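Enquirer: Here's a sequence, model it:
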Amino acid sequence: VAMAQLVSIIENALLNGDSQAAEQLQQLTKSNGFWTELIELLVTCENPHAILFASRTLKDIFTKNINSFTPENRLHIKSTLLKVLIRISSNFWNHGYIRKSVCELYARVQKLCWFDSSSTEDLLKDTNQFFQHGYEHSIIGVIVYQKVVHEMSNYISSISAGKQRKIAVSFKETCLRELFLLCLQGLQQVFQQDPTNESERKKQQIFNHEILTLTSDILRFDFIGILPDDSGEELGLINLPKSWSDILQNPDTLNLFFSLYSKLESPMSTSVLEILVRIAAIRNTVLDSEERPVFLNNLIDGLGNILTARKDFDIPENRLHFSRLLVRLKTNYTLSHLTNTNNYEAFVSEAAKYSFETFRASRFETTYYVLYFWVRMASADSQAKLIPQNKPTHVKEIVPKIIENFVDTILNNVLQRYRNVNSQPEDPFESSEFFSILDNFQYLGRSDIVTTSQYLYDTLSKLVNQFRELQNQPICTKLCIIERQIAWVVCIISAIIGGRGMDKRKRIEKSRDDAYSLLIVAVFETLGLNDRRIE
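Expert: Residues are numbered from 1 along each chain as shown. Purely as a prediction, here's the structure:
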């Protein structure tokens with residue numbers, strides 16, 4: 001089929017909905033050797049829709065029929081695609097979907113041809129040409145790396161899982177570390193950028209965004225081959241190879257990301273935080289016992305500076321990622337490790353202030369992570385026998401304040417829902433996430449049950465007395481507010497009482513038993529309030 005005719009068929013089928021053209025196109029895709037025409041389309045065609053069709057169709061044909069391609073064919077396709085990518089970076093700069101599709105095609109070809117001749121060495125050598133020119137070519141090069149990293153961790157059905165794992169391992173050992181070093185080198189250029197015009201400034205921003213995305217993708221790579229659930233805080237530790245330890249040991253690595261967070265605005269500051277979450281999750285055994293305290297000390301200092309500056313914490317995504325970062329930090333390092341850092345006291349104090357603000361300002365998902373961090377801290381503190389007396393954790397003083405601020409926020413949430421009709425906060429009763437939060441809160445409440453029970457008893461008694469004062473009056477907004485606040489305190493108390501059976505102490509001390517009894521008494525005092533009002 002002539003190129004002009006093929007382009008016409010593609011346009012009629014995809015844009016005009018011509019069923020006859022669509023059937024003709026389907027028959028062409030099934031014919032032997034059609035891949036050569038698709039290659040010619042990619043090399044010569046100026047129609048963006050035809051290029052998009054060609055890249056997607058060639059990817060599908062190549063994946064399903066990989067064994068029918070000779071090594072020479074595969075090498076020809078791979079080398080041709082590099083030229084296509086150069087052409088696209090110059091001629092189709094404003095068509096982002098084309099860049100993405102052709103980069104995905106190249107990544108798939110690179111994976112399926114990985115063990116052909118010297119492909120492992122060719123990847124970095126061949127793609128290095130993208131970084132010898134302007135931002136347009138450099139951005140294409142970074143996107144290519146993104147797609148290759150993703151492709152190497154992504155399982156496809158056309159080849160066996162065992163072979164794919166061999167490819168991924170080979171890629172990890174030969175290329176991934178070099179790609180990470182290239183990312184660090186590219187990110188250092190952020191501080192040297194001095195845009196001369198608006199067009200250049202936009203291209204620099206795109207480059208910065210893509211290089212940050214690549215850095216995050218590399219740290220998300222399936223290093224051990226089990227594809228752990230990234231949302232699971234226990235399984236979310238990153239098993240970085242030991243050979244990467246020198247990168248982490250270099251203090252410039254951490255300092256680079258903290259400096260980037262200070263310099264860049266949202267949404268790129270959000271991307272930097274995502275990377276810091278992953279760095280905090282790198283298993284600490286990657287570093288030697290002598291280097292681990294140095295790295296952690298630098299990490300705590302940097303996080304403390306972020307907490308002090310509060311930069312971009314008004315953006316919900318930034319609060320969410322920073323809260324996840326706190327959890328990863330505690331998951332990866334023991335409390336004794338944290339307390340041995342130089343600025344632990346300032347850090348934990350700022351983390352407490354951050355938590356108070358987060359309860360008031362953020363979504364329930366963020367609150368979940370903040371509470372989980374303090375649950376882990378309180379749990380570790382109750383079992384910390386090896387922490388020296390001159391290294392106080394301050395957890396026992398902070399946890400009661402965390403509990404009080406959390407409960408106060410819930411009660412104020414009820415008040416705000418009645419006062420601000422047009423900008424109501426989330427209703428906890430309507431959020432399934434909130435009951436996951438209560439699961440965390442029960443552990444925190446039981447960590448110092450004596451203090452918690454007295455606070456909740458006093459809070460509930462105060463609300464009950466206010467309710468009784470108003471119960472003989474006509475129904476009013478204030479009465480409805482107090483009624484709902486009572487319901488929430490009872491819900492919180494129920495979560496704590498319901499977990500009493502999970503108390504791990506073989507014999508519960510009398511003071512703890514009395515504390516649970518006090519909570520039960522507080523709940524019983526609310527019984528019949530509505531009945532008496534109705535009567």
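Enquirer: so where's the stretch 101-250 of the chain uncertain?
Expert: For the stretch 101-250 of the chain, the stretches flagged by pLDDT under 70 are 117-121, 195, 225-235.
Enquirer: Please enumerate the helices of the stretch 351-500 of the chain.
Expert: Using DSSP state H, counting those that start in this stretch, the helices assigned to the stretch 351-500 of the chain run over residues 364-382, 395-419, 432-447, 449-470, 477-498.
Enquirer: Now do the longest one, average pLDDT.
Expert: Meaning helix 395-419. Averaged across helix 395-419, the pLDDT comes to 88.
Enquirer: residue contacts, the residue nearest in space to the middle of the chain?
Expert: Central residue of the chain (C-alpha atoms, centre = their mean): E274, 5.4 Å from the mean position. Residues near E274 by C-beta atoms under 8 Å, 6 or more residues apart in numbering: 216, 321. Using the backbone N, CA and C atoms, a C-beta is placed for each residue, glycine as well.
Enquirer: and F221, how many neighbours does it have?
Expert: F221 has 19 neighbours, counted by other C-beta atoms under 10 Å.
Enquirer: and what of K163?
Expert: K163 has 12 nearby residues by other C-beta under 10 Å.
Enquirer: Extract the C-alpha set from the host helix or strand of it and format it as PDB.
Expert: Using DSSP states H and E, K163 sits within helix 161-171. Taking Å, rounded to 0.1, in the frame of the first residue of the first chain, the C-alpha atoms of helix 161-171 are listed here in PDB:
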ATOM      1  CA  ALA A 161       8.300 -14.800  33.600                       C
ATOM      2  CA  GLY A 162      11.700 -16.400  34.100                       C
ATOM      3  CA  LYS A 163      13.100 -14.800  31.000                       C
ATOM      4  CA  GLN A 164      11.700 -11.500  31.900                       C
ATOM      5  CA  ARG A 165      13.200 -11.700  35.400                       C
ATOM      6  CA  LYS A 166      16.600 -12.400  33.800                       C
ATOM      7  CA  ILE A 167      16.200  -9.300  31.600                       C
ATOM      8  CA  ALA A 168      15.300  -7.200  34.600                       C
ATOM      9  CA  VAL A 169      18.200  -8.500  36.700                       C
ATOM     10  CA  SER A 170      20.600  -7.800  33.800                       C
ATOM     11  CA  PHE A 171      19.200  -4.300  33.300                       C
END
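Enquirer: Report the buried residues of it.
Expert: 164, 167-168, 171 (16 or more other C-beta atoms under 10 Å).
Enquirer: helices or strands up against it?
Expert: helix 135-153 (3 or more C-beta pairs under 8 Å, 6 or more residues apart in numbering; DSSP states H and E).
Enquirer: okay, the helices of the stretch 351-500 of the chain, which one's buried deepest?
Expert: Neighbour counts (mean count of other C-beta atoms under 10 Å) averaged over each of those peak at helix 364-382, with a mean of 22.
Enquirer: and that helix, what other elements does it pack with?
Expert: For helix 364-382, the contact count by 3+ C-beta pairs under 8 Å, 6+ apart identifies helix 316-332, helix 335-339, helix 344-361, helix 395-419, helix 432-447 as packing neighbours.
Enquirer: I'd like to know which of those lies nearest to E483.
Expert: Proximity to E483 (C-beta to C-beta) singles out helix 395-419 among the helices and strands packed on helix 364-382, at 9.4 Å.
Enquirer: Could you tell me the angle between that closest one and helix 344-361?
Expert: 20 degrees (axes from the mean of the first three to the mean of the last three C-alpha atoms, to 10 degrees).
Enquirer: who's in contact with helix 395-419?
Expert: 335, 348, 352, 355-356, 359-360, 367, 371, 374, 377-378, 380-381, 424-428, 441, 444-445, 447-448, 451-452, 455-456, 459, 477, 480-481, 484-485, 488-489, 492.
Enquirer: so how far is that helix from its chain's centroid?
Expert: 26 Å (C-alpha atoms, centre = their mean, to the nearest Å).
Enquirer: same thing with stretch 461-472?
Expert: Relative to its parent chain, stretch 461-472 has a centroid offset of 45 Å by C-alpha atoms, centre = their mean.
Enquirer: could you give the mean pLDDT of that stretch?
Expert: Here the average pLDDT along stretch 461-472 is 87.
Enquirer: Could you list the residues in contact with that stretch?
Expert: Everything outside stretch 461-472 that qualifies as a contact, by C-beta under 8 Å, 6+ apart, is 476, 478-479, 482-483, 485-486, 489, 522, 525-526, 529, 532-533.
Enquirer: for these, which one is nearest R278?
Expert: R278 has its nearest neighbour among these in V489, at 38.6 Å by C-beta to C-beta.
Enquirer: How much space separates the closest one from I481?
Expert: Separation of V489 from I481 (C-beta to C-beta, to the nearest Å) stands at 13 Å.
Enquirer: try N405
Expert: 20 Å.
Enquirer: what's the closest non-adjacent residue to R87?
Expert: The shortest distance from R87 to any non-neighbouring residue, by C-beta to C-beta, 6 or more residues apart in numbering, is to V43 (7.5 Å).
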